[in-house]
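Peer 1: sequence and predicted structure below; questions after.
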Amino acid sequence: MHFPELKDFILNRMRMSHIYQPLMLITLLKEGGVGSIETISKELLTEDKSQQEYYGNITKNMVGRVLKNHGIVQKNGESFKLIDYETYTADQRIELIQICQEKLNEYIEKRGKRIFEHRRKSAGYISGSIRYNVLKDAKFRCELCGVSADTKALEVDHIIPRNKGGTDDISNLQALCYSCNAMKRDKDSTDFRKVKESYEFREEGCLFCEIQKERIVDEDDLCYVIRDGFPVTNLHTLIIPKYHSSKLNQLPISFATSLMNTIYTLTGPIEEAVGATATTIAFNNGSAAGQEVPHVHCHIIPRFEQDGGKSVHSIVENPSPPSADLSNIVLSIKNLI
């Protein structure tokens with residue numbers, strides 16, 4: 001195809017359902033017009049955020065933690081530092097790399113294809129039509145955490161894993177995001193499709209369960225967005241899970257995930273719409289915190305210079321002394337990071 005036709009295809013006729021077409025063309029253009037499948041697939045991988053996050057979690061929570069516990073690396077924010085690296089000579093670094101490569105080759109030779117078996121288990125052929133129907137039945141959301149396919153890549157999971165006799169029949173398939181699917185692995189036969197039943201849980205007489213439709217600015221399967229009835233600033237917005245729960249920590253994970261995703265998505269546009277320079281994002285989580293409607297909801301409050309408002313540290317006038325258990329709680333949180 002000549003330049004004008006290819007340019008026209010890219011600009012006007014390329015119909016994209018994912019990032020792959022332009023990435024493949026970029027690779028071919030950079031590689032002199034010819035690229036091996038391996039080369040193209042590697043280029044796709046560099047832009048696949050789902051795979052990057054998958055291996056990022058492995059780095060942070062598995063291999064990084066093991067090496068940290070052995071005193072080999074230390075974690076600094078989003079980076080790992082090899083302890084005493086600066087004391088190694090160039091020859092010592094080369095020698096260590098060679099030793100690592102030998103260990104790697106030895107392991108690969110011993111284990112072969114089993115190394116990535118956990119990733120291949122779900123890689124069997126599922127037809128496009130079946131995959132579409134599984135995702136459609138799930139309303140294009142992870143059936144465990146509720147995240148939308150627009151936010152995180154969804155995979156078709158075998159409820160009963162293949163290695164336990166599970167089939168490729170649609171009755172044995174469910175939609176999970178890659179994070180939940182990785183956690184489920186091939187030893188768990190939990191059917192998460194029942195989570196959708198909780199989407200309809202409401203409580204009679206609850207102001208937010210019976211919200212007037214004309215107040216709804218936006219919504220999805222899990223959350224409403226409305227303007228606060230008594231706004232403290234322009235575009236003071238509430239995000240309300242459809243599931244009835246009085247407190248955030250009692251909310252099912254699918255709704256909590258959707259709630260946080262919605263907060264993340266709306267905060268910037270709300271600030272921009274009113275020219276705000278900051279935002280207060282707050283939950284009154286229980287009556288002692290000032291919650292008036294016993295249905296969990298988040299306030300997004302645009303803030304401005306000289307608006308007279310204060311920070312969350314000014315909310316409590318008579319703070320209680322720290323609990324004796326606070327240090328243990330902090331230690332537990334640090335161990336999770």
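Peer 2: Received the coordinates, thanks. Everything quoted here is computed from the prediction, not taken from an experiment.

Peer 1: when you work out contacts or count neighbours from here on, use the C-alpha atoms and nothing else.
Peer 2: Will do.

Peer 1: what about the closest residue in space to R65 that isn't next to it in sequence, how many neighbours?
Peer 2: Counting by Cα to Cα, 6 or more residues apart in numbering, R65 lies nearest to T59, which is 7.9 Å off, once chain neighbours are set aside. By the measure other Cα atoms under 10 Å, the count of residues near T59 is 14.

Peer 1: go on, I72?
Peer 2: I72, neighbours per other Cα under 10 Å, totals 15.

Peer 1: for N76, see how far away the closest residue to it other than its chain neighbours is.
Peer 2: In this structure, I72 finds its nearest non-sequential neighbour in I83, 5.8 Å apart by Cα to Cα, 6+ apart. As judged by Cα to Cα, to the nearest Å, I83 and N76 stand 12 Å apart.

Peer 1: which of the two has more neighbours?
Peer 2: Neighbour count, other Cα under 10 Å: between I83 and N76, I83 has more, with 12 against 8.

Peer 1: pretty sure the more buried one contacts K75?
Peer 2: No. If you go by Cα atoms under 8 Å, I83 and K75 don't touch, sitting 10.0 Å apart.

Peer 1: these two touch, right, V73 and F80?
Peer 2: Yes. Look at V73 against F80 with Cα under 8 Å: they come within range, at 6.3 Å.

Peer 1: which helix or strand in this structure has the lowest average pLDDT?
Peer 2: Here the helix or strand of the chain ranked lowest by mean pLDDT, DSSP states H and E is helix 117-120, holding a mean of 50.

Peer 1: could you identify the helix or strand that succeeds that one?
Peer 2: Next helix or strand after helix 117-120 toward the C-terminus (DSSP states H and E): helix 128-137.

Peer 1: helices or strands up against the helix or strand following that next one?
Peer 2: Per DSSP H and E, the first helix or strand lying C-terminal to helix 128-137 is strand 154-158. Under the contact criterion of 3 or more Cα pairs under 8 Å, 6 or more residues apart in numbering; DSSP states H and E, strand 154-158 touches helix 128-137, strand 173-177, helix 178-184.

Peer 1: redo that, cut-off 7 Å
Peer 2: strand 173-177, helix 178-184 (3 or more Cα pairs under 7 Å, 6 or more residues apart in numbering; DSSP states H and E).

Peer 1: where does this protein dip in pLDDT?
Peer 2: Within the chain, the stretches with pLDDT under 70 are 16-18, 48-55, 58, 111-125, 150-151, 195-200, 321-337.

Peer 1: what are the ranges of the strands in it?
Peer 2: For the chain, strands defined by DSSP state E occupy the ranges 73-76, 79-82, 154-158, 173-177, 216-219, 223-227, 237-241, 278-282, 298-303.

Peer 1: how about those strands in TSV, adding distance to L144?
Peer 2: Converted to TSV, these look like this (distance: least, Cα to Cα, whole Å):
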stretch	distance to L144
strand 73-76	30
strand 79-82	30
strand 154-158	11
strand 173-177	7
strand 216-219	20
strand 223-227	16
strand 237-241	16
strand 278-282	25
strand 298-303	22
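
Peer 1: okay, these, which one's buried deepest?
Peer 2: Compared across the strands of the chain, strand 173-177 shows the largest average neighbour count, a mean of 27 (mean count of other Cα atoms under 10 Å).

Peer 1: export it to CSV, keeping only CA atoms.
Peer 2: C-alpha atoms of strand 173-177 as CSV (Å, rounded to 0.1, in the frame of the first residue of the first chain):
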residue,chain,number,x,y,z
LEU,A,173,-16.7,-19.2,32.3
GLN,A,174,-16.7,-15.9,34.1
ALA,A,175,-15.2,-12.5,33.5
LEU,A,176,-12.3,-11.4,35.9
CYS,A,177,-9.9,-8.6,35.6
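
Peer 1: what packs against that strand?
Peer 2: Counting by 3+ Cα pairs under 7 Å, 6+ apart, strand 173-177 packs on helix 128-137, strand 154-158.

Peer 1: okay, those in CSV with distance to G275 next?
Peer 2: Shown next, in CSV, are the helices and strands packed on strand 173-177 (distance: least, Cα to Cα, whole Å):
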stretch, distance to G275
helix 128-137, 38
strand 154-158, 36
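
Peer 1: so which of these is nearest K42?
Peer 2: strand 154-158 (20.0 Å; Cα to Cα).

Peer 1: so which of the helices and strands packed on strand 173-177 is nearest I170?
Peer 2: Closest among those, using Cα to Cα: helix 128-137, at 6.8 Å.

Peer 1: how near is the residue lying farthest from the centre of the chain to S189?
Peer 2: In the chain, the greatest distance from the average C-alpha position (Cα atoms, centre = their mean) is reached by D91, at 41.7 Å. Using Cα to Cα, we find D91 at a distance of 51 Å from S189.

Peer 1: can you check R15 too?
Peer 2: 37 Å.

Peer 1: comparing the two, which residue is more hemmed in?
Peer 2: Under the criterion of other Cα under 10 Å, the comparison of R15 against S189 puts S189 first, with 15 against 10.
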